[in-house]
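K.L.:
please work out how this folds:
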Amino acid sequence: MTSASFQRANSVFSVASPGSVAKPTNGGGSGEPGKNPLKLFVDAKKKINETFSGVKGYIGESHEFIQECISLDGDVADQNKLEELAGFLEKATGISDVLTRDHMKVAFFGRTSNGKSTVINAMLRDKILPTGIGHTTSCFLSVEGSDSLDAYLIAPGSEERKNVKSVAQLAHALCSQKLEPSSNVQIFWPKSRCALLKYDVIFVDSPGVDVTPDLDSWIDQHCMDADVFVLVGNAESTLMRAEKNFFHKVSEKLSKPNIFILNNRWEAAATDDHADDVRKQHEERNTSFLVDELKVVDLSQVNDRIFFVSAKEMLNMRLQHQQGMPEEGGALAPGSNARKFEFENFEYKFQECLSQSAIQTKFEQHCKKGQEITAALQATMDDIFNLAVERKSDCEDRLVTCTDQLAKMLKDQKTLTYECKENIKDVVEDVEAKVGNAMMEEINRLSILVDEFNKPFHPDRIFLKVYKDELHNHLEDALGRNLQARCSTALTQSLEVTKSEMITQMETMLPPNWRVQHQQTFPSMMRHDFDMSYKLDCRTLCRDFEENLDFQFSLGIRTIMRRFMGMKRNQFALMSLDSLTSPVSAFQPTPPSARSPGPEVDKSSEEELLLSLVAGVASLTSRTSMGVLVITGIVWRTVGWRLLAVCGTLYTGVYVYERLTWTNKAKEKAFKRQFVRYARDKLQLVVSYTSSNCSQQVQHELSNTFSQLCLETDRAVDELRDEINDLKRKMDVYGTLQGKSKTLRNRAYWLNSELKTFALDYLSI
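P.N.:
Numbering: from 1, shown residues only. Next up is the predicted model:
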């Protein structure tokens with residue numbers, strides 16, 4: 001290598017300590033000074049895994065919350081939300097699983113014997129992969145870190161762990177038992193023995209691209225998830241068509257793959273006088289291939305993608321260092337330090353590109369998907385929150401309305417109850433007065449009702465029993481009809497008016513929505529089948545009536561005394577005269593039980609008069625016939641015998657006339673007259689009872705209507721109280737949903753912010 005080339009290398013790179021990675025002195029890296037760029041991927045992976053773990057837990061809590069919403073109130077959330085959350089959970093779980101397995105993957109390709117395996121060994125600082133002259137690697141070999149202290153490998157189609165030394169037999173092209181070129185042997189190397197493998201990097205070694213024409217299957221099986229491709233060329237030759245064809249196929253299937261070109265075996269140019277020209281030629285051709293043909297980088301980036309190294313020298317130097325020997329020991333071509341620095345620069349640029357590319361390819365889409373999920377969940381929780389706030393506000397407004405309605409109803413119910421009771425009382429008193437007046441009027445015209453009875457009459461006792469039964473029925477029907485005609489229409493109208501007023505008052509007291517729901521209830525209370533019952537049991541009232549159909553002379557002593565003094569006042573005197581009655585009088589007094597009741601004569605003057613009269617008559621009639629003759633003689637001498645004879649003749653004639661006219665017709669009239677007098681007294685006794693009975697019927701009807709109204713109002717009050725309790729319960733539910741949805745909404749916002757921060761910290765570098 002010329003002195004000019006050496007100076008160019010020193011101007012670009014700073015000297016690094018043995019075993020470290022060189023960093024450009026002019027910056028240009030994303031990592032902090034002294035920090036491995038691959039650590040960025042590890043940090044990013046840890047961060048996004050933690051974030052998606054939180055997203056998964058959040059989706060699970062949101063799923064439980066939506067189920068709670070559906071169970072409490074199906075209007076706030078529905079089954080579609082659950083299905084949507086289930087889809088989100090499935091996506092988040094899949095992403096989380098992928099993120100857990102994601103590694104940074106770098107694939108090394110080139111022609112046979114260009115030193116691909118040597119480059120990997122140099123980067124891993126150990127002889128892990130088989131190397132040698134000619135076609136050495138016969139299949140794909142992947143090297144990744146393991147937490148185990150022992151290295152092992154797993155052959156294709158097997159899960160058995162084998163000693164890593166057997167890789168020389170499994171993957172060496174000279175081995176008799178060869179694997180398919182597209183098969184992959186997985187080598188697990190302890191992370192404690194290689195710093196690069198600590199950062200989740202997988203190195204993939206490949207057979208030469210000139211070994212098989214089946215490059216498409218290689219790309220499909222091993223390149224689709226690669227983050228960086230390293231084309232290992234031979235600095236002693238130029239890029240061949242096989243190499244270009246392979247990467248053209250890669251570029252067709254992957255959008256702008258990250259490709260590094262290592263011109264290996266550059267130590268061969270150390271003694272060549274035209275090394276600078278050869279380097280320039282390689283750079284021009286490599287640049288044309290990357291920029292013009294593949295179009296994967298631009299001119300400003302191409303200098304960081306083309307390097308001239310000696311992998312064999314680098315591997316030997318690092319092995320010397322690990323053994324505690326000087327790195328410069330052994331036979332090294334001139335310019336080894338410059339090649340070492342360029343290899344270390346390649347490593348740094350490679351690691352920086354690998355980290356950024358892996359973060360972009362592995363995490364960018366997952367980060368966007370996570371943002372979409374959290375944004376959708378945030379919108380869902382925001383909708384639930386707003387709906388819960390709206391529903392709670394509606395419940396609060398409705399609660400105020402219902403509370404006011406309930407207070408007004410209870411107040412109006414108390415007032416209307418008092419008014420209705422007073423109205424019922426007034427109506428009942430009016431009914432009682434009207435029925436009592438009507439009944440007194442009917443009693444006063446009782447004789448007319450009795451005279452209207454035209455059934456045949458006969459004084460025979462058996463016939464009289466039938467006659468009285470029919471008369472009782474006639475009188476009972478006539479009185480009922482007349483009372484109904486006098487009172488029923490007016491009372492019914494008054495009753496309906498009172499009912500209507502009560503219903504109207506109670507109906508206006510109820511809430512409008514309740515009246516609409518029960519609009520058929522109140523009309524049913526206005527029944528028109530009320531019929532006042534004026535039941536007068538005349539048969540029972542007059543069962544003690546005993547008629548007196550014996551002939552009674554109108555000028556007899558008993559009759560005269562009854563006319564002047566009345567039946568009640570001379571009853572005792574007549575009873576005393578029974579033993580002294582003249583033949584004209586054959587009256588038998590009515591038993592006490594059959595007499596019509598009347599007021600007792602309790603004045604002392606009336607009693608003294610009655611007793612003196614009885615004593616005088618008894619004294620007069622108790623004498624002997626001599627006394628009668630003496631009296632007759634006195635009268636005769638006073639008035640004369642002619643006048644006495646005339647008076648006797650007239651008296652006898654009247655008696656005979658009355659006796660002859662005492663027919664069945666006269667007996668019927670006497671019977672009806674006695675019955676009217678008896679029935680009138682009896683009916684007067686039940687006037688208050690009958691009027692009270694009618695008023696009680698009206699009171700019962702109105703009270704029944706009032707009770708139904710009270711029942712409806714109580715039912716409305718109970719429904720209103722139930723609605724108030726239900727509103728309070730709903731307010732508690734909506735308050736709970738509001739609080740939980742707000743918490744979940746804020747968590748979704750926080751998770752979304754975490755993903756945005758992740759994108760800013762790791763994806764925008």
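
K.L.:
residue contacts, the residue nearest to residue 67 when sequence neighbours are not counted?
P.N.:
Nearest residue to residue 67 in three dimensions, chain neighbours excluded: residue 82, at 6.7 Å (CB to CB, 6 or more residues apart in numbering). Every residue, glycine included, has its C-beta placed from N, CA and C. Taking CB atoms under 8 Å, 6 or more residues apart in numbering, we find residue 82 in contact with 63, 66-67, 70.

K.L.:
quick check, residue 82 in a helix?
P.N.:
Yes. Applying DSSP: H, G, I helix; E, B strand; the rest coil, one finds residue 82 inside a helix.

K.L.:
state the distance from it to residue 743.
P.N.:
Distance from residue 82 to residue 743, counting by CB to CB, to the nearest Å: 19 Å.

K.L.:
residue 233 in helix, strand or coil?
P.N.:
What three-state DSSP gives for residue 233 is strand.

K.L.:
let's see the pLDDT reported for it.
P.N.:
The model reports residue 233 with a pLDDT of 91.

K.L.:
contact partners for the residue nearest to it when sequence neighbours are not counted?
P.N.:
Using CB to CB, 6+ apart and skipping the chain neighbours, the partner closest in space to residue 233 is residue 263 (5.3 Å). Shown in contact with residue 263 (CB under 8 Å, 6+ apart): 233-235, 282, 286, 306-309.

K.L.:
of all those residues, which comes closest to residue 121?
P.N.:
residue 309 (13.1 Å; CB to CB).

K.L.:
alpha carbons of stretch 697-708, in CSV - could you do that?
P.N.:
Only the C-alpha atoms of stretch 697-708 are listed here, as CSV (Å, rounded to 0.1, in the frame of the first residue of the first chain):
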residue,chain,number,x,y,z
GLN,A,697,-124.7,3.1,48.5
VAL,A,698,-123.6,6.4,47.0
GLN,A,699,-120.8,6.7,49.5
HIS,A,700,-119.6,3.2,48.7
GLU,A,701,-119.7,3.9,45.0
LEU,A,702,-117.8,7.1,45.3
SER,A,703,-115.4,5.7,47.9
ASN,A,704,-114.7,2.7,45.6
THR,A,705,-113.9,5.1,42.7
PHE,A,706,-111.8,7.2,45.0
SER,A,707,-110.0,4.1,46.2
GLN,A,708,-109.3,3.1,42.6
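
K.L.:
roughly how far is that stretch from the heart of the chain?
P.N.:
42 Å (CA atoms, centre = their mean, to the nearest Å).

K.L.:
also stretch 681-690?
P.N.:
67 Å.

K.L.:
now stretch 751-758
P.N.:
That offset, for stretch 751-758, works out to 35 Å (CA atoms, centre = their mean).

K.L.:
and for stretch 429-440?
P.N.:
60 Å.

K.L.:
need the per-residue pLDDT for the spatially most central residue of the chain.
P.N.:
For the chain, the residue nearest the mean C-alpha position is residue 73 (2.9 Å; CA atoms, centre = their mean). The model reports residue 73 with a pLDDT of 73.

K.L.:
helix, strand, or coil at the closest residue to it other than its chain neighbours?
P.N.:
Excluding the flanking residues, the one nearest residue 73 by CB to CB, 6+ apart is residue 733, at 6.2 Å. Assigned with three-state DSSP, residue 733 falls in the helix class.

K.L.:
assumed residue 750 was part of a helix.
P.N.:
Yes. Counting by three-state DSSP, residue 750 is located in a helix.

K.L.:
and the gap between residue 303 and residue 247?
P.N.:
19 Å.

K.L.:
and residue 109, how many neighbours?
P.N.:
27 (other CB atoms under 10 Å).

K.L.:
right, and it touches residue 226 too?
P.N.:
No. Applying CB atoms under 8 Å, one finds residue 109 not in contact with residue 226, separated by 9.8 Å.

K.L.:
span of stretch 546-555 from start to end?
P.N.:
The straight-line separation of the ends of stretch 546-555 (CA to CA, to the nearest Å) is 24 Å.

K.L.:
in it, what counts as buried?
P.N.:
With burial defined by 16 or more other CB atoms under 10 Å, the residues of stretch 546-555 counted as buried are 547, 549, 551-553.

K.L.:
any idea which of the residues you listed is closest to residue 700?
P.N.:
Nearest member of those to residue 700, counting by CB to CB, is residue 547, at 39.3 Å.

K.L.:
where does that closest one land in three-state SS?
P.N.:
coil.

K.L.:
ok, it - contacts?
P.N.:
464, 670-671, 674-675.

K.L.:
for the residues you listed, which one is nearest residue 391?
P.N.:
residue 675 (82.4 Å).

K.L.:
separation between the closest one and residue 205?
P.N.:
Distance from residue 675 to residue 205, by CB to CB: 142 Å.

K.L.:
between those two, who's got more neighbours?
P.N.:
Between residue 675 and residue 205, residue 205 has the larger neighbour count (other CB under 10 Å), namely 27 against 21.

K.L.:
lovely, talk soon.
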